[in-house]
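Student: sequence first, then the predicted structure, then my questions.
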Amino acid sequence: KLILLDSLLQEISDYIMLVHRLCGGGSLSTLSPLRSLTPRLTSPHIRYNSTDSDKPAPTKSGPLEKMFGLASNTASPSTNRWAMFAPAFCTHVCLGAPYGWSAISAQLTRENGLVASAASDWALDLASYPMSVMIAAGGISAAVLGKWTIKVGVRKSLAIGGLLYGAGFCVASAGVAQHNVGLMYAGNLLCGIGYGCSYTPPIQALIDWFPDRKGLAGGIVIAGFGSGALFFTPMMNMLTNKFLSLPTYLGNSLDIVVEGGKQFARVGGELQEVVYATSGELLKLPYEGLAEGFYVVGSGNTGVSAAMAAIGAMYAATVVTSAMVIKRPAPGYLPPGFTPPPTAAGSGANVHVDNLFKTPQFWFLFSTSTLLATGGMGLMSVAKPMIQSVFADSMPALVTTSFASAYLMALAAGNLSGRLGWAAISDKIGRRNTFHIYTLGSIPLFGCLPYLIGQCVSNPTGPLATVSTIVGPGLLLNLRKVSESQALADLLSKVDPSIFASKFGVDISSAPTLIEAKTLTISKLMTIMPEGTVDPSPFLYNNTMYTMAGLVSVGAMLHFMVRPVNQKYFEKE
């Protein structure tokens, strides 16, 4: 039994936790009269959200709590605030991996066929949606878990998020290995949850460290997120090449049996599914020493599964290590020489998170950001296969596999530069004016891309070719699929039926079955088209460009509708 002796409280405060454990380790709520008089039990630098004065202060109990507990979040006065950029930036580079997903999306569409898509392989949309799953899950979980990340602190939320993020890549790796799209998406979802745990804490920590340069501090951190593809793309290229095994080549001329749209050849006395890779398709692959002809389905390995597991382990280790390093300043921290500027009456008022969704301004800004991001997300999700699909045939010497990877990395570099540059500019010209530039500037960019692509294809050596190749089109996968179906139907109406039957072994009426089995594609059909037929591949994205121009126009109008928040939504003093 504990006897409350207020006069001796200061002397015995150091022993209260010991007595508590000896008495059975129950709740400390019975010690609330003591707690109010024992400041030494509570770190003066820890922030609490709870308003319950009877809750016990967090205590350190064990090495994990000492390393990641709430008390470990507060930095000492000697901490260099600039050093905090390193763990925050490294964390966001890891979280930005979805921006490089198109480095492997095309390979995922050939996981079984490897040199060409087999009937059982995933379509490009299924192979590209993981990026959307990760980013959407990350955004939602960041909002849902926001209060929790504040409650447990930046270090614990980062550590847990890093482990979930790395584990998600390993689960997705298992999905690829088993060719189970549901398991792969489950891994992407787990990645998104881990990303949601880890995204905002480093940003908030750096903003606390730099109240004098909030825009720049936040911009540098999220620049790491935007540059994620700069690490993911070359690393995945290296890892997939390391774990790659090429498929079995059977030759250029075989007796083929077509069943259900699939092609089969007799190998070792048994019928095995095969795919035919044209020379044009082989030029778009990152493999050397391959010849046009038939390859056995399932006899090779893209190396994507093992590469995903390896990079997942790297990401988990990096984020958890960053969690061990990063800290927040003590409450009320101000850098030397900085005096907060005076604010006009009411301008420093805050809108409580519970009232956020009630304000029309939130929904205007949310819709504007969503419409603006749609084009960029679509572009980044399939940037590598898209640039090859559009330009490889008209500019084969330039648009190689390595060029496509470099294009994706150039987009990531632009993403990084834009986050840094616009963050600094917004500190000068204001957030509203910066968003006006975003919205109004995007309309002509998307609108003129079909013209630039047309100029590039019709005149590959002209001056506009370089502009088209560097800028590149955006992508909405469903619009591309519609355009591709229309292009195939148009080509089939022009092809000679006898030549078609000789090439594919079935009558032209079976074309829908061949298309469903991925045996018939635009590139294969173009090999038997009459001379002068224009390849429709570069123009599959025109409708997408015009759609994106329309969406950002709507976003611009919504942003012009944003007005100051009504006083009724502010927190009461």
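Tutor: Cool, the structure landed.
Student: spatially nearest residue to residue 371, not counting backbone neighbours?
Tutor: residue 555 (3.5 Å; CB to CB, 6 or more residues apart in numbering). Placement of C-beta: from N, CA and C, glycine included.
Student: again but with residue 403, I slipped
Tutor: In space, and not counting its chain neighbours, residue 403 is closest to residue 387: 7.7 Å by CB to CB, 6+ apart.
Student: check residue 127 too.
Tutor: Closest to residue 127 by CB to CB, 6+ apart is residue 108, at 3.8 Å.
Student: contacts only, for that neighbour.
Tutor: 121, 122, 127, 176, 302, 304 (CB atoms under 8 Å, 6 or more residues apart in numbering).
Student: how much space between it and residue 176?
Tutor: 7 Å (CB to CB, to the nearest Å).
Student: tell me which helix or strand comes right after whichever helix or strand residue 318 is part of.
Tutor: Assigned by DSSP states H and E, residue 318 belongs to helix 304-325. Sequence order places helix 353-356 as the next helix or strand after helix 304-325, per DSSP H and E.
Student: avg pLDDT for that next one?
Tutor: Regarding helix 353-356, the rounded mean pLDDT is 74.
Student: the closest residue to residue 113 other than its chain neighbours in helix, strand or coil?
Tutor: By the measure of CB to CB, 6+ apart, the closest residue to residue 113 outside its immediate chain neighbours is residue 275, 4.2 Å from it. Counting by DSSP: H, G, I helix; E, B strand; the rest coil, the backbone at residue 275 sits in strand.
Student: in terms of pLDDT, where does residue 33 sit?
Tutor: So, for residue 33, pLDDT stands at 41.
Student: wait, is residue 294 part of a helix?
Tutor: No - remark: residue 294 does not belong to a helix; assigned using three-state DSSP, it is strand.
Student: quick check: closest non-adjacent residue to residue 432.
Tutor: residue 562 (7.3 Å).
Student: what of residue 231?
Tutor: Once flanking residues are discounted, residue 231 sits nearest to residue 93: 5.7 Å by CB to CB, 6+ apart.
Student: and the next element down the chain from the helix or strand where that neighbour lies?
Tutor: Counting by DSSP H and E, the element that carries residue 93 is helix 85-95. Per DSSP H and E, the first helix or strand lying C-terminal to helix 85-95 is helix 102-108.
Student: now that next one: buried residues?
Tutor: 102, 103, 104, 105, 106, 107, 108 (16 or more other CB atoms under 10 Å).
Student: packing partners of the helix or strand that comes right after it?
Tutor: Using DSSP H and E, the helix or strand that follows helix 102-108 in sequence is helix 124-144. Contact partners of helix 124-144 among helices and strands, from 3 or more CB pairs under 8 Å, 6 or more residues apart in numbering; DSSP states H and E: helix 102-108, helix 181-209, helix 360-381, helix 477-492.
Student: which of these sits most buried?
Tutor: With neighbours defined as mean count of other CB atoms under 10 Å, those peak in mean count at helix 102-108, which reaches a mean of 25.
Student: just the mean pLDDT for that one, thanks.
Tutor: 88.
Student: burial count for residue 252?
Tutor: For residue 252, the neighbour count with other CB atoms under 10 Å is 10.
Student: brain fart, residue 315
Tutor: Burial measure for residue 315: 25 neighbouring residues, criterion other CB under 10 Å.
Student: residues contacting it?
Tutor: Contacts of residue 315 were listed using CB under 8 Å, 6+ apart, and they are 94, 97, 162, 165, 166, 169.
Student: one more: residue 86?
Tutor: Contacts for residue 86 (CB under 8 Å, 6+ apart) come out as 322, 325.
Student: ok, 10 Å please
Tutor: When contacts are counted by CB atoms under 10 Å, 6 or more residues apart in numbering, residue 86 is found next to 322, 325, 326.
Student: try residue 530
Tutor: Residue 530 neighbours (CB under 10 Å, 6+ apart): 494, 495, 496, 499.
Student: so how far is residue 199 from the residue lying closest to residue 556 once chain neighbours are set aside?
Tutor: Excluding its sequence neighbours, the residue lying closest to residue 556 (CB to CB, 6+ apart) is residue 439, at 3.6 Å. Distance check for residue 439 against residue 199: by CB to CB, it reads 24 Å.
Student: against residue 251, how distant is residue 258?
Tutor: With the distance defined as CB to CB, residue 258 ends up 18 Å from residue 251.
Student: got a pLDDT number for the residue most central in space within the chain?
Tutor: Nearest to the mean C-alpha position of the chain, counting by CA atoms, centre = their mean, stands residue 98 at 2.6 Å. The per-residue pLDDT reported for residue 98 equals 86.
Student: distance of it relative to residue 211?
Tutor: 31 Å.
Student: which one of residue 258 and residue 251 has more residues nearby?
Tutor: Legend: neighbour count by other CB under 10 Å for residue 258 and residue 251, higher for residue 258 (16 against 10).
Student: so that one sits against residue 511, correct?
Tutor: No - with contact defined as CB atoms under 10 Å, residue 258 and residue 511 do not form a contacting pair (11.8 Å).
Student: now for the two: what residues contact both?
Tutor: In contact with both residue 258 and residue 511: 504, 519, using CB under 10 Å, 6+ apart.
Student: the stretch 401-550 of the chain: helices as residue ranges?
Tutor: Using DSSP state H, counting those that start in this stretch, the helices found in the stretch 401-550 of the chain span residues 401-429, 431-458, 464-471, 477-492, 497-504, 511-516, 522-526, 542-560.
Student: return the list of helices and strands in contact with the first one.
Tutor: If I follow you right, that is helix 401-429. Applying 3 or more CB pairs under 10 Å, 6 or more residues apart in numbering; DSSP states H and E, we find helix 401-429 packed against helix 102-108, helix 214-226, helix 228-243, helix 360-381, helix 383-391, helix 431-458, helix 464-471.
Student: repeat that for 7 Å
Tutor: When contacts are defined as 3 or more CB pairs under 7 Å, 6 or more residues apart in numbering; DSSP states H and E, helix 401-429 packs onto helix 102-108, helix 214-226, helix 228-243, helix 383-391, helix 431-458.
Student: distance to residue 527 for these - can I get that in CSV?
Tutor: Listed next are these as CSV, based on distance: least, CB to CB, whole Å:
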stretch, distance to residue 527
helix 102-108, 20
helix 214-226, 40
helix 228-243, 28
helix 383-391, 16
helix 431-458, 19
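Student: relative to residue 367, which of these is closest?
Tutor: Smallest distance to residue 367 across the helices and strands packed on helix 401-429 (CB to CB): 11.2 Å, for helix 431-458.
Student: hmm, back to that, so which of the contacts of residue 108 wins on neighbours?
Tutor: residue 127 (28 neighbours).
Student: so it touches residue 109, yeah?
Tutor: Yes - in terms of CB atoms under 7 Å, residue 127 counts as a neighbour of residue 109; the distance is 5.0 Å.
Student: now do the same contact list for the nearest residue to residue 191 once chain neighbours are set aside.
Tutor: In this structure, residue 191 finds its nearest non-sequential neighbour in residue 168, 3.2 Å apart by CB to CB, 6+ apart. Contacts were defined as CB atoms under 7 Å, 6 or more residues apart in numbering; by that measure residue 168 touches 187, 188, 190, 191, 194.
Student: ok, those residues vs residue 418, which is closest?
Tutor: Among the contacts of residue 168, residue 191 lies closest to residue 418 (CB to CB), at 24.0 Å.
Student: just to revisit the earlier point, tell me the spacing between the residue nearest to residue 371 and residue 65.
Tutor: On the measure of CB to CB, residue 555 and residue 65 end up 46 Å apart.
Student: pretty sure residue 205 sits against residue 325.
Tutor: No - under the criterion of CB under 7 Å, residue 205 makes no contact with residue 325, lying 11.0 Å away.
Student: now do the nearest residue to residue 123 once chain neighbours are set aside: how many residues are near it, please.
Tutor: Spatial nearest neighbour of residue 123, chain neighbours left out: residue 109 (6.7 Å); criterion: CB to CB, 6+ apart. As a burial measure, residue 109 scores 22 neighbours (other CB under 10 Å).
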